[in-house]
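Peer 1: here are the coordinates; sequence isn't available:
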């Protein structure tokens, strides 16, 4: 069963749409800049309702919980509270996601933002010390499904991310190469990065023949944004 209609929810349709034993809850707050209390409450009420239903629930947290610059944000506090709620019910699984790449009109996606700015020739700021972790939404769906169907135990908290993060500047340069167009930006001496431990991803990627090699970022961006 799939709850949600966005980027992540859509990727799980081939795997769990007709599975009544697993509830893929992909209808929560996804914008890390969200501050509206009603949006957080909406997710909590919906989540509580599905936690009472029969079946294992899959919840998507955020790797932003590892980002010291996000530690005091309402978004991270909310995500951690929802993780605690899900964990209070036995048998459920939490998957923390980084920057997801896929086909979506959501302007809050980092790659959508960069693509739009570069295509339109609009100036934007690049924090030269910032690093972000990008992963293809199709790889998320494949890896999460593999963990759920082969994992022992199947419950717990998992980080689903690429084994490496890259600088925002590097991502911009990849977009320039893929689009054949120079970006117009101001380089700001700001930002930081953080590490994400992904042992489950490495094992699943090996089983699924998913290659997180040096060309992964370019392949992923070209897949969704190439001309």
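Peer 2: On my side now, so go ahead. None of these values were measured; they are calculated from a predicted model. Numbers count the residues shown, from 1 in each chain.

Peer 1: can you pull out the residues in contact with the longest strand seen in the chain?
Peer 2: Using DSSP state E, we find that the single longest strand of the chain is strand 56-62. Identification of contacts with strand 56-62 by CB atoms under 8 Å, 6 or more residues apart in numbering yields 8, 21-26, 28, 32, 47, 50-51, 75-76, 79-80, 82-83, 86, 89, 91-97, 144, 148, 154-155, 157. Using the backbone N, CA and C atoms, a C-beta is placed for each residue, glycine as well.

Peer 1: return the members of those residues classed as buried.
Peer 2: 8, 22-26, 28, 32, 47, 50-51, 75-76, 79, 82-83, 86, 92-97, 144, 148, 155 (16 or more other CB atoms under 10 Å).

Peer 1: still on that earlier bit, for the longest strand of the chain, which strands pair with it and how are they oriented?
Peer 2: Paired strands of strand 56-62, with direction, are strand 22-25 (parallel), strand 93-97 (parallel) (DSSP bridges).

Peer 1: following the last one, which helix or strand comes up?
Peer 2: Pointing back at strand 93-97 there. Once the chain leaves strand 93-97, the next helix or strand it forms, by DSSP states H and E, is strand 99-101.

Peer 1: what's that following strand packed up against?
Peer 2: helix 110-120, strand 134-136, helix 137-150, helix 216-225 (3 or more CB pairs under 8 Å, 6 or more residues apart in numbering; DSSP states H and E).
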